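# Got a predicted model here, sequence first, then my questions.
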Amino acid sequence: MAEKISSKSKQSLETIVTHSGRNPAEHWGFVNTPVYRGSTILFPTLDELESTEPRFDYGRTGNPSSQAVEDCVSELEGAAGTVLSPSGLAAISVALSPFCRPPP
């Protein structure tokens, strides 16, 4: 992953924004990632649902469209990863939750 980021860092910001997060091979040749909308994702078996391989298991936890934006922001910022949240309050909660603990 570090090699990917370092090789992209030599490109201009315009080039990164133009090309990042796109994978036409995964979307039947479409250059831009299609907009995926939905709340429910079906899995053929319970084992496939419980496996750690599928990235998307519920519509509000992300989809290929949001993954493309996360990838682009990560490349622009040189970050290891980006997490989009549905609102400002959710973003604050995600940022603060690792530091919170229940009272003794």
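Structure received.
# From here on, just use CA atoms for contacts and neighbour counts.
OK.
# Could you report the neighbour count for residue 73?
20 (other C-alpha atoms under 10 Å).
# likewise the one 10 residues further on?
Counted with other C-alpha under 10 Å, the burial measure for residue 83 works out to 15 neighbours.
# The helix or strand residue 93 falls within - contacts with which helices or strands?
Using DSSP states H and E, residue 93 maps to helix 88-96. Here helix 88-96 touches no other helix or strand, going by 3 or more C-alpha pairs under 8 Å, 6 or more residues apart in numbering; DSSP states H and E.
# neighbouring contacts of it?
Contact partners of helix 88-96, identified using C-alpha atoms under 8 Å, 6 or more residues apart in numbering, comprise 84, 85.
# mind checking which helix or strand residue 70 is in?
Counting by DSSP H and E, residue 70 is found in helix 64-77.
# got the CA coordinates for stretch 55-69 in CSV?
C-alpha atoms of stretch 55-69 as CSV (Å, rounded to 0.1, in the frame of the first residue of the first chain):
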residue,chain,number,x,y,z
ARG,A,55,-16.9,-5.2,2.3
PHE,A,56,-20.6,-4.3,2.1
ASP,A,57,-23.1,-6.0,4.3
TYR,A,58,-25.7,-3.2,4.8
GLY,A,59,-26.5,-0.1,2.7
ARG,A,60,-25.7,2.4,5.5
THR,A,61,-22.2,1.0,6.1
GLY,A,62,-21.1,1.9,2.6
ASN,A,63,-21.3,0.9,-1.0
PRO,A,64,-19.0,0.9,-4.0
SER,A,65,-19.8,4.6,-4.7
SER,A,66,-18.7,5.7,-1.2
GLN,A,67,-15.7,3.4,-1.4
ALA,A,68,-14.5,5.2,-4.5
VAL,A,69,-14.8,8.6,-2.7
